[in-house]
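Q: Generate a structure from the sequence data that follows.
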Amino acid sequence: MESRTITVEGLRTRVLDENVDGATGDPILLVHGVGGWAENWRAVIRPLAASRRRVVALDLPGFGASARPGRVRYFSGEKAFYPRFVLGAMDVLGISRAHLGGQSMGGAIVAITAVTAPERVRSMMLVAPGGLGREVALYLRLCALPGMGLVARLPRSPSAARAALESCYFDVSRITPELYAEAERYGGPSFPEFVRALAQGLDLGGVRRALRDEWVVRSPTYRGPALVVWGREDRVLPIAHLDSLPELLPQAEVRIVERCGHLAMAECPDEFLDAALPFLDRAERMVVAGPAVSSERPRARAGSAWRGTGTIEGG
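A: This next block holds a predicted model:
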């Protein structure tokens, strides 16, 4: 797995690139959540690549080792920064179309990228994605308060970064030493960007209503395959957000992982892969056959490969 730096939208951007010889499937691009970094996907990158697909995980601007952007509109409008950045990264990486995976805020970024440029997205794999509902954890909503941008510039202790990581797990004994070390390395420097991104996406009520409504209206633009994976014990984004899927992604396949928190792909990688690997194969077969790019939205059918909920035991 190669760590290297590319330039996207004029910004130094770090990526982890697992580029296998003889790849036969479509590439996979992975996007972490707010406050995260590329290695949040570490546990699943090589197993995904073993399916003969190139896998790239990136550090979003201002997070991990990527440069912070200037004044941008992250989520809103036709020229929203985040989908533009993801598509720009694909261009630099030489990827015309990819499976996009996103966790938490990264899931929201993937979804709005798919709506912005559906022809570039083979499928979506969303792990506890933001934006399906408005409710979010209180500590995230507090980051949207006026003045938090100034507070975010103050020195932050390593213990705060560790605590933030632990809030994303059901069983903290599953957090690897590498993730703890990375949380301490990246948590403090990225906290101003953490607050700035949340301030544009949230208010004290949760996800900004007008922002969510903007993308709900546009959601039918994406008609392709989608997989949603959620930890039952997620304390950051409630699993009840799945109730909105019939409206927003009626074709989505759902997998619920028991005894698992917000970072399902890191805490329960085997269970994530049990859902993701067959899904990727089905997505590529269905796209070749044509239904995923039909002019009509796929219908939800009982027992369909594209529709249904499942439970996977994570502990």
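Q: Model confidence for the nearest residue to residue 50 once chain neighbours are set aside, exactly?
A: Computed as CB to CB, 6 or more residues apart in numbering, the closest residue to residue 50 that is not its neighbour in sequence is residue 20, at 7.8 Å. The way it works is simple: take the backbone N, C-alpha and C, and place the C-beta from them, glycine included. What the model reports for residue 20 is a pLDDT of 83.
Q: you'd agree residue 20 is up against residue 49?
A: Yes. At 5.1 Å, residue 20 counts as touching residue 49 under the criterion of CB atoms under 8 Å.
Q: What is the burial count for the residue nearest to residue 50?
A: Neighbourhood size, residue 20 [other CB atoms under 10 Å]: 16.
Q: repeat for the one 3 residues further on
A: Summarising burial for residue 23: neighbours were counted as other CB under 10 Å, giving 15.
Q: That one: which element?
A: Residue 23 is part of no helix or strand when elements are defined by DSSP states H and E.
Q: Residue 119 contacts residue 90, correct?
A: No. Using CB under 8 Å, residue 119 makes no contact with residue 90, being 11.7 Å away.
Q: neighbour count winner among these two?
A: Applying other CB under 10 Å to residue 119 and residue 90 shows that residue 90 carries more neighbours, namely 22 against 10.
Q: Where does that one fall, secondary structure wise?
A: Assigned by DSSP H and E, residue 90 falls within helix 81-93.
Q: Which neighbouring elements make contact with that helix?
A: Here helix 81-93 touches strand 2-8, strand 11-18, strand 28-31, helix 105-116, going by 3 or more CB pairs under 8 Å, 6 or more residues apart in numbering; DSSP states H and E.
Q: could you dump these to TSV with distance to residue 64 and mean neighbour count?
A: Converted to TSV, those look like this (distance: least, CB to CB, whole Å; neighbours: other CB atoms under 10 Å):
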stretch	distance to residue 64	mean neighbour count
strand 2-8	10	13
strand 11-18	6	20
strand 28-31	12	27
helix 105-116	12	26
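Q: Just put those in CSV and tack on distance to residue 207.
A: Formatted as CSV, the helices and strands packed on helix 81-93 follow (distance: least, CB to CB, whole Å):
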stretch, distance to residue 207
strand 2-8, 26
strand 11-18, 25
strand 28-31, 17
helix 105-116, 9
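Q: So for the most centrally placed residue in the chain, what's the nearest residue that isn't a sequence neighbour?
A: Central residue of the chain (CA atoms, centre = their mean): residue 102, 1.8 Å from the mean position. Nearest non-adjacent residue to residue 102, counting by CB to CB, 6+ apart: residue 110, 3.3 Å away.
Q: For the one you found, give me its contacts.
A: If you count contacts by CB atoms under 8 Å, 6 or more residues apart in numbering, residue 110 has them with 31, 86, 100-102, 124, 126, 129.
Q: in the stretch 151-300 of the chain, which spans are strands?
A: Remark: strands assigned in the stretch 151-300 of the chain by DSSP state E, counting those that start in this stretch are 202-203, 206-207, 226-231, 253-258.
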